[in-house]
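S.K.: Here you go, sequence then predicted model.
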Amino acid sequence: MIRFIFTRLSLIIPTFIGLTLAAFFLIRLVPGDPIETLAGERGISPERHAQLLAEYGLDQPLIVQYGYYIQRLFHGDLGQSIVTNTSVWTEFKTLFPATLELAICAMIFALVIGLPAGVFAALRRNTIVDQGVMGGALIGYSMPIFWWGLLLIMLFSNTLGWTPVNGRISVMYFFEPVTGFMLIDSLLSGEEGAFASAASHLVLPAVVLGTVPLAVIARMTRSSMLEVLGEDYIRTARAKGLPAYRVIALHALRNALIPVVTVIGLQIGVLMTGAILTEYVFSWPGVGTWLLQAIMRRDYPVLQGGILLIGCMVMLINLLVDLAYSFINPRIRSSR
Amino acid sequence: MTVQASTPTQSHEQMSAPPHPFREFWGYFSANKGAVAGLVFISILVFCILFADLIAPYGFSGSNTDIRLTPPVWQEGGSFAHILGTDAIGRDMFSRLIYGTRYSLAIGAMVVALSIIVGTTLGLVAGFARGMVETVILRVMDIILTLPSLLLALVIVAILGSGLYNAVIAVAVVILPHYVRLVRASVITETAKDYVTAARVAGAGRLRLMFREVLPNCLAPLIVQASLGMSTAILDTAALGFLGLGAQPPLPEWGTMLADAREFIGADYWWVVTLPGIAILLTVVAFNLLGDGLRDALDPKLKS
Amino acid sequence: MKRSSLLATICLPIFLMASAASAKTLVYCSEGSPENFGPSINTTGTSFDVMVHIYSNLTAFERGGTKVVNEGLAESWDVSEDGLTYTFHLRKGVKWHSNKQFKPTRDFNADDVIFTFERQWKEDNPYFKVTSSNHTYFNDMGMDKFLKSIEKVDDYTVRFVLNQPEAPFLANIAMQFAGIQSKEYADVLMKAGTPERIDQDPIGTGPFYLVQYQKDAIVRFKAFPDYYLGKAAIDDLVFAITPDASVRWAKLQKGECHVMTYPNPSDVEAMKKNANITILEQPGLNIGYLAYNTQKKPLDDVRVRKALNMAMNKKAIVETVYMDTGIAAVNPIPPTQWSYDENLKDDPYDPEASKKLLAEAGVKDLTIDLWALPVQRPYNPNGRRVAELMQADLAKVGVKAEIKSYEWGEYRKRLQNGEHMAGQFGWTGDNGDPDNFLNHLLGCDAAVQGGGNVAKWCNQEFQKYVSEAKTITDQAKRTELYKKAQEIFKKEAPWFTIAHAVQIGPIRKEVTGYKLSPFSRHYFYGVDIQGK
C-alpha cells in the first residue's frame, strides 16, 4: 500500500513541474501585451511602456522570469493581477467559494437523482422505465449546457418569473461573508428569508451544471448494478430467500457503487469545464468568469495562477480518488 | 466464470464457417435501433453538408433589416418564405442552420481526424519506444488532462487567435490524450501477443510491425472512441463559438449563432435561441447513439 | 459562534431598517467590477462610476453637464492675469468617511490636496508606487509637464503654479483621477505597514461611503450623513454587477434594479414600450470614425478621401448597427461639446459623384485595407458589422476593401504606428474640453509614429487655431477658433466621421432626479425613489 502511494506521488511531481511550465510558457505565447491592452484608446508612450514592463518584471528574459516565478511560488506568492493590482490569491480566495458551492450543489443534485434513477433502471431492465431513464441520460450527456442554461433562464426567470435572473442572493440582504458559501452565510446571518433567497438563486445554475454528471452517474450506476446483479453471490443471496430490498441495499448497491465513485471523481475535471460555461451564462461571480475575463484582458498573472491552482486541485482529487479506489479494491494495487 | 446466456449461439457460429467480419458487425449493429436512428440522422446531416447550396433557400450571410426577427411559420406573423423565422439582422434561420452543418459538423470531423492522426502516431511511438520517450509523452498528456478542457482550449485559441480553424486545433489538442492513451495501451497488449513476436522473429521491421500488424488490431476501439469523440468535439467547438472565440460571424456555426442570440433571452424571440441549440443537441445525441451502437457491435467485451 | 453573533448584532439593525421601509435602497445594474478604489490608477468608466461616489474633487462638473462648477472641495478660486497661478479657497468643515481601521481626527484641509497630487507626481512620495506607479491620467492630461508647483498657503488655501497657460486645467482636476484622498489615513496605514489598503478600503469625502465589495457580484454603499452638500436622498446604494446586457434588462423589467447601463441596441425598442420604464437619452461625448492614413498614397489626395466619404452610406450604417443608440456624425466633436459648429454640412452619400471624383484624381482599381475594431467600444457597438457594410458600399464605386483586424492592444498600437490605410477608431471625451478632441486626435504633435492622431494628418492652419485656443481662457474666443478648425477638418476630410453613440439610460418610473452624464458617469447623488 505504502509503495503504491509512493509511486503514485512520484508521478505527481513531474506533472506539477510540467504544469508550472505550461502555465507560464503557454501564456507568454499569447500575443498582445497586457499593458497595451489596458491602455485603451489613449495608448501609452514607449518610455512609460518600458518602465511598466520593468515594474512587472516583464522585460527580463523568459527563463529568468520563470525562475522568479518559481521562487515566488515557493513563498506562496502567485503575483498580482495587472488589471486590478490585487493579489491573485486574494481574488481566487474570494471567488472560489462561489464556484465550489455551485459545484457541490450540482454534484448533490446529480447524485440524488442519478443514483436512484440508475438503480431503478437496472431493476426494471428493458421496461419502459429503463428506456425512459436511459433516454433521458442520453439527452443529458449530449446537452450543450450553455444552451440549456439559456433555455432555463428564458423559461423560469423570464417567462414564469419563478427564479431570479442572476446573482447569488438578493441585494436586499446584507451581511459580511463568513465562509464564502452563500447558503451557509445566509443561515448564519439569521436574516429571515436570506437562505430562501440564496437557494432560489442557486437552483438553476446547479441544475445546469449537474445535468451532465447526473446522466453519467445514472448510466454508470445502471450498468454497474446490472453487472453486480448477475454475480453469483447475489443469486445466492436471493436463493437464500433474503428480501429483495435487503439484497439490493446491502449487497448489490454497495458493490455497484465502487466504479460509480471513480466516475464521480473523474467528473470533477469535467465539472470545472462546465463551471466556466455555467458561470458565464448566469454571470455567477466565480473562478470561471474570472479566468474568462483574464483571457480577454491578457492578465498573465491571473491566468497563470488560475491554471496552476485549478490544475493542482484536479490533480489532488484524482490522487484521492485513486487512493480511495485502491483501498476499496486491493487488486488495483498490484495490477498497476 | 459465469455462463452467459448468449454463449451458445456464439460458439455455434464459430463452429460453422466464420461469417464475413462486416456482416457480423452489421448483424449486431442493425439490431440496435438507436444506433441505426443515429446513423440515419447523421446521413441526413452529411447530405446537408454536401448539398447545402441546393437545400437552403437563402444564403447564410447578407442582411435585410426589414424582415428582422420574423417568427417561424406556425406562429402569428410568420410566413412560408422563412419557415423557421429570421434572426437579428433578417437572415433566414433555416438556411443558416443548414449551412451550419458545414461548420459545426464538418469541424467536429476535422477535430477528430486531426486528433486521431496525431494521437495514434504519438500512441504508437510511446508504445513501441517505451523508456524516456514514452514517459515524456505520457506526462504531457497527463498535464493536458489535469486542466479543464475548455480552459486549455481557451488559452490555445488566445494564442492562435480566434477563428474557426484555430478552434479546431485547440479542441483537437484537448481531446488528444484519450487517443494517445488508447493506442498506447492497445500497442502494449498487442505486442505481448504471439503473432507479433512471431512477426518480429520473422524479421519484420518496426514500422511494418506498427502499421501492418499492431494498428489494424487497435482499430475497433479507435473507431468507437472516434464516434464518441465527435460529440465531444462538436460540443467543445460550439462552446468556443458561444464564448465568441470560435467561428466568427457571419459564419453560421451553431455555437456562434447562440452567442449572437444571447441578447434575445429577455425578449420574445425564442426561436433564435432555441433552434441552434436543438441542432447541436440532436447532432450530439445522434453521434452518441452511433458510438454506443458501434461499441456494442465491435467490442463485445464491453457489452453490458 | 462569537463571530456570527457579533455579525448579527451589526447586521440586524440595518436589516430592520430595510424591512421597515424607512430606508431607501437604489439598485444600479452595472456592467463590471471596478479594478480597485485608487482614483489615480484606474482608467475604466466602471471604476470611475464607483469612485465618483466615494471621492470629491477640488472642482466639480455640473450634474448632467460638462460645465465646471464650485460644488467641489474648493469653494472658490482665483486665476492670475497670465493664467499661470490658480489659488483655491477650500471648503471648511468637510468630514472624512471612517471605517474599522480609521477614525478621522480632523476635517479635510490643504494637506490632503497636496498629498493627492504629489502621490501621482513626485516619485519620492512614499505612496507613488503603492498599488501601481501607473498614474495614467495625470500623465496623459499633461499635468506632469505643465505643473510647476503646489503650495499650501494656509490650511484652507492651496496655490497651483503652472509652467504655461492651460485652459482645460480646471476641468482636468474635476476628473476622477484627481479625487482627493486623506493624508491622515495614508499616514495611519503607512505606520501599520499596509499602505496598499488605501486603494482597497477607500476613505473619501463623497456623498456615499463603501460598505462592501464582492468582486463580480456587488458594490454596496451607504449615504454619508455628513456629506458637505447634505445627505443623499437615498440611504443605500447598491451596484449589482451584471456583465450581460440582456440580463441587466431582464432585471430592470423585474424590478431587481432601478437603473441600468449600456442596453443592447436591439432591446431599446421594447424598453420604450414598457410602461414601467423611462428612457433617458443624451448624445455622448464621443466620436467613432474611420481614419484615412493621409501619408499613404493615394489617400494623401484630398479628392480620394472625399470620394470615399461620399461612397459610404452613413445613414444605413447608423441605422443597422447603432439603431437607436447613435446619431450620424458630421464633426470630429460631438454636438454636446461646446464650440460644436452646427453650420457645417456633411459630405453627401453620392456614389456617382464619388466615382467621378476618383476618376478625376486618376485613381483606378483601388484596393485598400479596411481595419475593423476587434472589440465593442462605447462609440462603436460592432466594428466588424460596420466594416462589412462599408466594404459593400465601397465595392459599388469600384474600390476593393479588405477587412483586417488584430487583438485590441495590438490593433491600437499598429494603428498609431500608421500601418493601416483606413482604420476604425474612436474617442470618448475626458474633461469636456474641445482641445481633448481636436488637439489630441488631429494635432500635429500626435501625428508622429505612435501618436494618437491615427490619420497621421498634420495641417498647419488647423494646428494654428487649435494651439492658439489652448492658451486663452475666454470661452467665446476659443469657440471662434475651434469652429474655424472644424471647417478645415471638414474641407480636408482626414476621417470619415461615423457616429456619436447616444447614451441610453433606461430607469424605473419611480426613480426621480436621475441625470445622464455626458462623460458616461452614473451618479446617484440627487436621485430619489418615489412611493416607497
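M.R.: All right, it came through fine.
S.K.: How about the residues of the stretch 351-500 of chain C by chain A?
M.R.: Selection of the stretch 351-500 of chain C residues close to chain A by CB under 8 Å from any CB of the partner chain yields C:377, C:407-410, C:412-413, C:416, C:425-428, C:450, C:452. Heads up, the C-betas are built off the backbone N, CA and C, glycines and all.
S.K.: any idea which of these is closest to residue C:400?
M.R.: Distance to residue C:400, by CB to CB, is smallest for residue C:425 among those, at 21.7 Å.
S.K.: Any buried residues in stretch C:329-337, and which?
M.R.: Neighbour-count burial for stretch C:329-337, with 16 or more other CB atoms under 10 Å in any protein chain shown as criterion, is recorded at C:329, C:330, C:331, C:332, C:333, C:334, C:336, C:337.
S.K.: same deal with stretch C:272-284?
M.R.: Neighbour-count burial for stretch C:272-284 [16+ other CB under 10 Å]: C:274, C:277, C:278, C:282, C:283, C:284.
S.K.: With stretch A:241-261 instead?
M.R.: Neighbour-count burial for stretch A:241-261 [16+ other CB under 10 Å]: A:247, A:248, A:251, A:252, A:253, A:255, A:256, A:257, A:259, A:260.
S.K.: Please list the members of those that lie in helices.
M.R.: A:253, A:255, A:256, A:257, A:259, A:260 (DSSP state H).
S.K.: Could you save the residues you listed as a markdown table and add columns showing pLDDT and distance to residue C:436?
M.R.: Formatted as a markdown table, those follow (pLDDT from 0 to 100; distance: CB to CB, whole Å):
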| residue | pLDDT | distance to residue C:436 |
| --- | --- | --- |
| A:253 | 78 | 72 |
| A:255 | 77 | 75 |
| A:256 | 79 | 71 |
| A:257 | 80 | 68 |
| A:259 | 77 | 67 |
| A:260 | 79 | 65 |
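S.K.: And these, which is closest to chain C?
M.R.: Checking these against chain C with CB to the nearest CB, the nearest one is residue A:260 at 34.4 Å.
S.K.: Distance-wise, check the closest one relative to residue A:267.
M.R.: 10 Å (CB to CB, to the nearest Å).
S.K.: So for those two, which residues contact both of them?
M.R.: Common neighbours of residue A:260 and residue A:267, counting by CB atoms under 8 Å, 6 or more residues apart in numbering or on different chains, are residue A:217.
S.K.: In the stretch 1-150 of chain C, what residue spans correspond to helices?
M.R.: Along the stretch 1-150 of chain C, the stretches classed as helices by DSSP state H, counting those that start in this stretch are C:2-19, C:45-54, C:110-121, C:136-140, C:143-146.
S.K.: Residue C:370: which of the residues of the stretch 351-500 of chain C next to chain A is nearest?
M.R.: The closest of these, once distances to residue C:370 are taken by CB to CB, is residue C:425, at 12.3 Å.
S.K.: what packs against the host helix or strand of that closest one?
M.R.: Per DSSP states H and E, residue C:425 falls inside strand C:422-428. For strand C:422-428, the helices and strands in contact under the criterion 3 or more CB pairs under 8 Å, 6 or more residues apart in numbering or on different chains; DSSP states H and E are strand C:286-292, strand C:367-371, helix C:383-396, helix C:408-416, helix C:435-442, strand C:495-508.
S.K.: roughly how far is that strand from the heart of the chain?
M.R.: 16 Å (CA atoms, centre = their mean, to the nearest Å).
S.K.: partners of it, with directions?
M.R.: strand C:286-292 (antiparallel), strand C:367-371 (parallel) (DSSP bridges).
S.K.: mean confidence for it?
M.R.: Across strand C:422-428, the average pLDDT comes to 93.
S.K.: hmm, who's touching it?
M.R.: Applying CB under 8 Å, 6+ apart, the external contacts of strand C:422-428 come out as A:41, C:284-293, C:299, C:308, C:368-373, C:377-380, C:383, C:386-387, C:401, C:412, C:415, C:437, C:440-441, C:454, C:496, C:498, C:519-520.
S.K.: Helix C:435-442 and that strand, what's the angle between them?
M.R.: Relative orientation of strand C:422-428 versus helix C:435-442 (axes from the mean of the first three to the mean of the last three CA atoms, to 10 degrees): 160 degrees.
S.K.: tilt between strand C:422-428 and helix C:45-54?
M.R.: 10 degrees.
S.K.: Restricting to C-alpha, output strand C:422-428 in PDB.
M.R.: Only the C-alpha atoms of strand C:422-428 are listed here, as PDB (Å, rounded to 0.1, in the frame of the first residue of the first chain):
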ATOM      1  CA  ALA C 422      -8.200  53.100 -43.400                       C
ATOM      2  CA  GLY C 423      -8.900  52.100 -39.800                       C
ATOM      3  CA  GLN C 424     -11.800  52.400 -37.400                       C
ATOM      4  CA  PHE C 425     -11.100  54.200 -34.200                       C
ATOM      5  CA  GLY C 426     -12.800  56.500 -31.800                       C
ATOM      6  CA  TRP C 427     -12.600  58.600 -28.700                       C
ATOM      7  CA  THR C 428     -14.600  59.300 -25.500                       C
END
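S.K.: Do a quick rundown of the helices in the stretch 201-336 of chain A.
M.R.: Under DSSP H, counting those that start in this stretch, the stretch 201-336 of chain A gives helices at A:232-239, A:244-246, A:253-282, A:287-297, A:300-328, A:331-335.
S.K.: Turn those into JSON lines, columns for distance to chain C.
M.R.: Below are those laid out as JSON lines (distance: least, CB to the nearest CB, whole Å):
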{"stretch": "helix A:232-239", "distance to chain C": "48"}
{"stretch": "helix A:244-246", "distance to chain C": "42"}
{"stretch": "helix A:253-282", "distance to chain C": "8"}
{"stretch": "helix A:287-297", "distance to chain C": "6"}
{"stretch": "helix A:300-328", "distance to chain C": "12"}
{"stretch": "helix A:331-335", "distance to chain C": "42"}
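S.K.: most packed of those helices?
M.R.: helix A:287-297 (a mean of 23; mean count of other CB atoms under 10 Å in any protein chain shown).
S.K.: What about residue A:15, how many residues nearby?
M.R.: 20 (other CB atoms under 10 Å in any protein chain shown).
S.K.: Over to residue B:40?
M.R.: Neighbour tally, residue B:40, other CB under 10 Å: 12.
S.K.: Check residue C:415 too.
M.R.: 22.
S.K.: ok, back up a step: just give me the least confident of the buried residues of stretch C:329-337.
M.R.: Out of the buried residues of stretch C:329-337, that is residue C:336, at 85.
S.K.: For it, give me its contacts.
M.R.: C:66, C:282, C:283, C:284, C:285, C:518.
S.K.: before we move on, the earlier item: of the helices and strands packed on strand C:422-428, which stretch is the most buried?
M.R.: Note that of the helices and strands packed on strand C:422-428, strand C:286-292 is the most buried (mean count of other CB under 10 Å), with a mean of 27.
S.K.: now residue 76, nearest residue through space, not along the chain?
M.R.: Here I'm looking at chain A. residue A:89 (7.5 Å; CB to CB, 6 or more residues apart in numbering or on different chains).
S.K.: looking at chain C here, not the other one
M.R.: Residue C:76 sits nearest to residue C:89 (CB to CB, 6+ apart), 4.9 Å away.
S.K.: wouldn't the one you found be in contact with residue C:157 here?
M.R.: Yes: at 5.9 Å, residue C:89 counts as touching residue C:157 under the criterion of CB atoms under 8 Å.
S.K.: in a helix, that's where residue C:363 is, yeah?
M.R.: No: counting by DSSP: H, G, I helix; E, B strand; the rest coil, residue C:363 falls outside a helix, being coil.
S.K.: number of nearby residues for residue 37?
M.R.: No chain specified, so I'll use chain A. 22.
S.K.: actually it's chain B I care about, not the one you picked
M.R.: 15.
S.K.: Chain neighbours aside, what residue packs nearest to it?
M.R.: residue B:289 (6.3 Å).
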